[in-house]
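Student: For reference, the sequence and a predicted model appear below.
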Amino acid sequence: MPATATKHPLPALLICVASLLLASVAPAQLACGDCNGDGQISVLDALAVAQHAVGSVLLGGDALRRCDVDRDDDSDILDALQIAQYAVGAVPRPGCDPPGWTQQSTSPAPSPRSRHVMVHDPLRGVDVLFGGLAGGYDAETWERSGGVWGQQMPALSPQARSDHAMVYDAVRGQMLMFGGFAGIDLGDTWTLDASGWVQRFPAVSPSPRYGHAMAFDLARGVAVLFGGVDAQTWLWNGSAWTQAIPPTSPTARFSHAMAFDDSRGLTVLFGGDRGLGVKLADTWEWDGVTWSRAFPAVSPAARSSHAMTYDASRCRTVLFGGLDAIDAELADLHDWDGVTWVSFALAPSPSPRAETAILSSPTSGRLLLFGGRTAGGDDDQTWE
């Protein structure tokens, strides 16, 4: 609910500071706090929040979420002050901490499973889950809308599998799924939209594989696939796969995770397993031409089988859980803003788990997590 003047009187000092410092713009990788969407965090943004707080300007949608830097579900004077302090260099970064987790009670729901995929379809406003290990290889398609899970019964469906990868193709308005494992490595390409599943038969395709990762590069209109059995990078343009030959690349790996950072136009990759039980803790970014390794001062511990998504409401890449160096399940949550990783301790939280699936819903502005492998086996919990 928008703040009112009686709730937060507008400090005259803030207006004065804003007027004096309009030219003092702090360049920022952080889009959280960038209320006007100009790619920078400045006192102009602080002024916009202050005006919203007294009702002279009404912010909405993504702008409102970006300005709620203290995550109290209200863009108010406290947010304006924090943004103004960041703009003039008084604080290192706006807060924008993730909201706490809440376990959802849902029935029906997919059965306990791990190694599945889950992606948000903004065109239809649903979250789509497919496959995984659910006592065996699974071929179920589930959709979640309005907080309710429902199993779909498509006339045609991909075969049961685990360890596949799926993204939403925002240019063509459909899901894209590739590969996986079903006793053998799979190398098939499928798309899904409101009309159902369709198998695609491109002339050239990545070799059969599992444990790979994909992200949709919205800036260039292609899906990016990396790894699984090698260090290859492949691009899907809606009709054909093309292997990219970048001058630099991450090493071969599997069970890593990728997400596209929409605010910076880069695909982010973290961690994975390079074989023989060696877990990785490196951060890489793809710009459409090459991979570049980032060397942040702080980083999550080495891991594989973690989940990652881009949180559009806070403009950060989010990483959850996985398996550590001794294959113990993890329950830590980390943010990547393009400069550093920041860890958060939230309570309550999903129990330690790996091989789960996570997404960010732009409609609710919250994360959604389902299932995964815990110390007690696969579960069917939904967390938001």
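Tutor: Looks like it came in fine. Numbers count the residues shown, from 1 in each chain.
Student: Now for the closest residue to residue 134 other than its chain neighbours, how many residues are close by?
Tutor: Nearest residue to residue 134, sequence neighbours excluded (C-beta to C-beta, 6 or more residues apart in numbering): residue 113, at 3.9 Å. The way it works is simple: take the backbone N, C-alpha and C, and place the C-beta from them, glycine included. Residues within reach of residue 113, counting by other C-beta atoms under 10 Å, total 25.
Student: okay but residue 113 is in contact with residue 138, surely?
Tutor: Yes. Using C-beta atoms under 8 Å, residue 113 is in contact with residue 138, at 6.2 Å.
Student: shared neighbours of the two, which are they?
Tutor: Common contacts of residue 113 and residue 138 (C-beta atoms under 8 Å, 6 or more residues apart in numbering): residue 132.
Student: Flag the shaky bits of the stretch 51-200 of the chain, pLDDT-wise.
Tutor: By pLDDT under 70, the low-scoring segments of the stretch 51-200 of the chain are 61-62, 65, 70-73, 90-97, 99.
Student: which stretches of it form strands?
Tutor: 103-104, 117-121, 126-133, 137-145, 148-152, 165-169, 174-181, 185-193, 196-200 (DSSP state E, counting those that start in this stretch).
Student: Report the central residue of this structure.
Tutor: By C-alpha atoms, centre = their mean, the chain has its centre lying nearest to residue 309, at 1.5 Å.
Student: That one - that's part of a helix, no?
Tutor: No. Residue 309 sits outside any helix when classified using DSSP: H, G, I helix; E, B strand; the rest coil, being strand.
Student: quick one: it and residue 359 touch, right?
Tutor: Yes. Between residue 309 and residue 359 there is a contact at 5.2 Å, judged by C-beta under 8 Å.
Student: Between those two, which contacts overlap?
Tutor: Contact criterion C-beta under 8 Å, 6+ apart; residues shared by residue 309 and residue 359: residue 367.
Student: before we move on, back to that, and of the strands of the stretch 51-200 of the chain, who's closest to residue 33?
Tutor: The closest of those to residue 33 is strand 117-121. By C-beta to C-beta, the value is 23.9 Å.
Student: Pull the distance from that closest one to the chain's centre.
Tutor: Distance of strand 117-121 from the chain centroid (C-alpha atoms, centre = their mean, to the nearest Å) equals 10 Å.
Student: Can you give the contact residues for it?
Tutor: By C-beta under 8 Å, 6+ apart, the residues outside strand 117-121 that reach it are 126-132, 164-168, 175, 177, 357-362, 368, 370.
Student: Please repeat the previous calculation with a cut-off of 7 Å.
Tutor: Contact with strand 117-121 is made by 127-131, 164-168, 175, 357, 359, 361, 370, as judged by C-beta atoms under 7 Å, 6 or more residues apart in numbering.
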